[in-house]
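Enquirer: sequence first, predicted model second:
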Amino acid sequence: MKAELLRRVIVAPVLFIIAGCIVLSLVQERLPGVKRARPRAEIEVALPLFVQVALAGGDRHLAASWAVLRAMVTETARMAREEYQILGQVQEDASWLNPAHEDNYYIAAAILPWEGQVAPTQSILRRATLARSFDYQPPFYYAFNQVHFRGDALGASEWLRRAARNLPDAEEQLTLENFAARWLDRSHDLDLAASIVDTMAAQAKRKDFAAYLRQRSQRLRDLAALRRAATTYHERYQRPLQSLDDLVRSGLIAQVPADPFGSGFALDQTGLPVLAGGVAGGGK
Amino acid sequence: MDVGFSGIRFSLVLLAIFWVQELVGREVERRTVLYALAYPVSRAAYLLGRFLGVVVLLAIAATTLGGLLWLSVVQSGGQYVQAYPVHTGWPYWLTIGGLWVDSLVVAAFALCIATLSTVQMLPVALGAMFAIAGKSLGAVLDYLERGADGDQMLIERYGPLLEVVQYLIPDLSRLDWRTWPMYGIALADGSISLGLLLAGGYVTILLAVSVLTFGRREFF
């Protein structure tokens, strides 16, 4: 009886051990062929704002620092394009938690807009500009993005002048204000651009700079007048302008205006008057 | 400096909860409180004395930790000159003071729980939860005040609730003034005085409740 019980007690575990060994050997044979799931993504998750705050023990500044640290250690060379959206969200959240965070806006300006994340970058820079009223860099980067990525010359010029006001050095201020005036050449609304440059001239402390700005505004007005005349010409003759002299010959203008900066005016490929050799497009 | 302030804030809160637990919670649990109460001293005086002890200990901790952070901030720059240097003068020490007051509110809350709790870890657990809730409240209120990213339904649903909550839990973020030493951003008028009044009012209520509950407490 005892021998029977002992046999049962021993046999059952031995059978389980053998079964286990068979399963294990089968698994071990096949497992090396199964590909391991590797975490390839550099940055995968943007946690909700309040989860970030709660994880930081309720300290929003710590939550912001943590988010910025994530952004800093993210290796952009290994990132897929869709991951930049997550990075943008992480950094935008960080700017909400601490809008004055210097590293956050700096990294965002350096990386995000170049990967299609212009909207979060501008949001971060706008918040940083408001929070860091002493710092010229956030409005400077905002202005650059506005003109480079969005083609908004008027907005860019305004933000660049805002940046100029924060510069401690008068010469540097003048340089940025000059850029602000020059970017207005790219504006589609040239009359408005000219009036902005006039306002800048009125506010300029240095007389020579004010005179320079007035020349720029006059040039924009001349260009606007040329474009209006070109439109009239097109409507009247049902063909695009071939040469600026056509406007003079058709009596729409008395003469082609002289450019105070010497570059002159030209036509682009569609017959639209532009600044020759300037930023408004290639001249003829 | 930013992360340092967060570290001090965390440390002071943890120390506040720990000291309240050690000086009151554990005494009650071990009944050693009875030896102290055997002297001609009222329960209220005993409790307030213990709280005052925690206040002083936290002040020493805040000064020590603040001093260490100050040293590391001043020394870590080396020859590097920041474009926008941090302010290590009295705005810095005012911020440390704010963090100290913050920890006092948490200490008062933990004390209140310790006077009525029969579970040893309850003051620690509830104290920590209170600290997190109080510190998070500011961010939540700020989010709703700024329009909750246009989510009107969220404002309608949680706005009235938070109106009530902010009377129950103090907005401890009002005692965090670090933007001044870090960025030189001047604080809004009344933010310091009203923050201190908020903390003072809350501590007063909590201590009064603590004295009441401790006075009626039976230790057997």
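Expert: Perfect, I can see it now. Numbering: from 1, shown residues only, chains lettered A, B, ... in the order given.
Enquirer: who are the packing partners of the helix or strand harbouring B:L48?
Expert: Secondary structure assignment for B:L48, by DSSP states H and E: helix B:43-76. Here helix B:43-76 touches helix B:2-20, helix B:33-37, helix B:90-116, helix B:191-215, going by 3 or more CB pairs under 8 Å, 6 or more residues apart in numbering or on different chains; DSSP states H and E. C-beta here means a position set from N, CA and C on the backbone, and glycine is covered the same way.
Enquirer: can you flag the weakest of those helices by average pLDDT?
Expert: Here the lowest mean pLDDT among those goes to helix B:33-37, at a mean of 79.
Enquirer: how long is stretch B:32-49 end to end?
Expert: 16 Å (CA to CA, to the nearest Å).
Enquirer: could you look up the SS state of A:G20?
Expert: Three-state call for A:G20 (DSSP: H, G, I helix; E, B strand; the rest coil): helix.
Enquirer: for it, the count of nearby residues, please.
Expert: Neighbour count for A:G20, taken as other CB atoms under 10 Å in any protein chain shown: 10.
Enquirer: and the residue of chain B found nearest chain A, how many neighbours?
Expert: In chain B, the residue found nearest to chain A is B:K135; the distance is 2.7 Å by CB to the nearest CB. Neighbour count of B:K135, defined by other CB under 10 Å: 29.
Enquirer: in what helix or strand does it lie?
Expert: With secondary structure defined by DSSP H and E, B:K135 is part of helix B:122-145.
Enquirer: surely B:L172 is in contact with A:D59?
Expert: No - contact between B:L172 and A:D59 fails when scored by CB atoms under 8 Å: they sit 9.6 Å apart.
Enquirer: overlap of the contact sets of those two?
Expert: B:K135 (CB atoms under 8 Å, 6 or more residues apart in numbering or on different chains).
Enquirer: most tightly surrounded among the helices and strands packed on helix B:43-76?
Expert: Greatest average neighbour count among the helices and strands packed on helix B:43-76 goes to helix B:90-116 (a mean of 24), per mean count of other CB atoms under 10 Å in any protein chain shown.
Enquirer: and that helix, what does it pack onto?
Expert: Partner elements for helix B:90-116 (3+ CB pairs under 8 Å, 6+ apart): helix B:2-20, helix B:43-76, helix B:122-145, helix B:179-183, helix B:191-215.
Enquirer: so which of those is nearest A:I18?
Expert: A:I18 lies closest to helix B:122-145 among the helices and strands packed on helix B:90-116, at 50.3 Å (CB to CB).
Enquirer: for whichever residue of chain A sits closest to chain B, which non-adjacent residue is closest in space?
Expert: Residue nearest to chain B within chain A: A:G58 (2.7 Å; CB to the nearest CB). Spatial nearest neighbour of A:G58, excluding adjacent residues (CB to CB, 6 or more residues apart in numbering or on different chains): B:K135 at 2.7 Å.
Enquirer: contact partners for that neighbour?
Expert: So B:K135 contacts A:57-59, B:9, B:102, B:172-173, B:176 (CB under 8 Å, 6+ apart).
Enquirer: for A:L112, state which of the residues you listed is nearest.
Expert: Closest to A:L112, out of all of the contacts of B:K135 and judged by CB to CB, is A:D59, at 25.3 Å.
Enquirer: need the contact list for that closest one.
Expert: Per CB under 8 Å, 6+ apart, neighbours of A:D59: A:53, B:6, B:9-10, B:135, B:176.
Enquirer: quick check: buried residues in stretch A:236-245?
Expert: Residues of stretch A:236-245 classed as buried: A:241, A:244 (neighbour count, 16 or more other CB atoms under 10 Å in any protein chain shown).
Enquirer: what parts of chain A come near chain B?
Expert: A:49-50, A:53-54, A:56-62, A:65, A:96-98, A:100-102, A:131-135 (CB under 8 Å from any CB of the partner chain).
Enquirer: going by neighbour count, which of those are buried?
Expert: Among those, the ones that count as buried by 16+ other CB under 10 Å are A:49, A:53-54, A:56-62, A:65, A:96-98, A:100-102, A:131-132, A:135.
Enquirer: for A:F261, give me phi and psi.
Expert: When read as degrees, to the nearest 10, the backbone of A:F261 gives phi -100, psi 0.
Enquirer: likewise A:E172?
Expert: Dihedral angles for A:E172 - degrees, to the nearest 10 - are phi -70, psi -40.
Enquirer: quick one: neighbours of it, just the number.
Expert: The burial count for A:E172: 13, using other CB under 10 Å.
Enquirer: which residues does the residue nearest to it when sequence neighbours are not counted contact?
Expert: In space, and not counting its chain neighbours, A:E172 is closest to A:A164: 7.8 Å by CB to CB, 6+ apart. A:A164 is in contact with A:136, A:172-174, A:176-177, A:180, counting by CB under 8 Å, 6+ apart.
Enquirer: of these, select the buried ones using a ChimeraX command.
Expert: The ChimeraX selection below is limited to those of the contacts of A:A164 classed as buried (16+ other CB under 10 Å):
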select /A:136,173,174,176,177,180
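Enquirer: how many neighbours does residue 73 have?
Expert: As the question left the chain open, I've gone with chain A. Number of residues near A:V73 (other CB under 10 Å) recorded here: 9.
Enquirer: you looked at the wrong chain, it should be chain B
Expert: Neighbours of B:V73 (other CB under 10 Å): 16.
Enquirer: ok, back up a step: mean confidence for the helix holding B:L48?
Expert: 93.
Enquirer: doesn't A:A108 make contact with A:N145?
Expert: No - between A:N145 and A:A108 there is no contact under CB under 8 Å: 10.1 Å.
Enquirer: higher neighbour count, those two?
Expert: A:A108 (30 against 22).
Enquirer: whichever helix or strand that one is part of packs against which elements?
Expert: For A:A108, the host element (DSSP H and E) is helix A:102-111. On a contact count with 3+ CB pairs under 8 Å, 6+ apart, helix A:102-111 meets helix A:60-73, helix A:83-97, helix A:118-131, helix A:137-148.
Enquirer: now those helices in JSON lines, with mean pLDDT and distance to B:L206?
Expert: Listed next are the helices and strands packed on helix A:102-111 as JSON lines, based on pLDDT from 0 to 100; distance: least, CB to CB, whole Å:
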{"stretch": "helix A:60-73", "mean pLDDT": "90", "distance to B:L206": "24"}
{"stretch": "helix A:83-97", "mean pLDDT": "90", "distance to B:L206": "29"}
{"stretch": "helix A:118-131", "mean pLDDT": "94", "distance to B:L206": "34"}
{"stretch": "helix A:137-148", "mean pLDDT": "91", "distance to B:L206": "42"}
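Enquirer: count of neighbours near the closest residue in space to B:S117 that isn't next to it in sequence?
Expert: In space, and not counting its chain neighbours, B:S117 is closest to B:P123: 5.8 Å by CB to CB, 6+ apart. Using other CB under 10 Å, B:P123 has 27 neighbouring residues.
Enquirer: ranges for the helices of chain A?
Expert: A:2-30, A:49-55, A:60-73, A:83-97, A:102-111, A:118-131, A:137-148, A:153-165, A:170-183, A:190-203, A:207-237, A:244-249 (DSSP state H).
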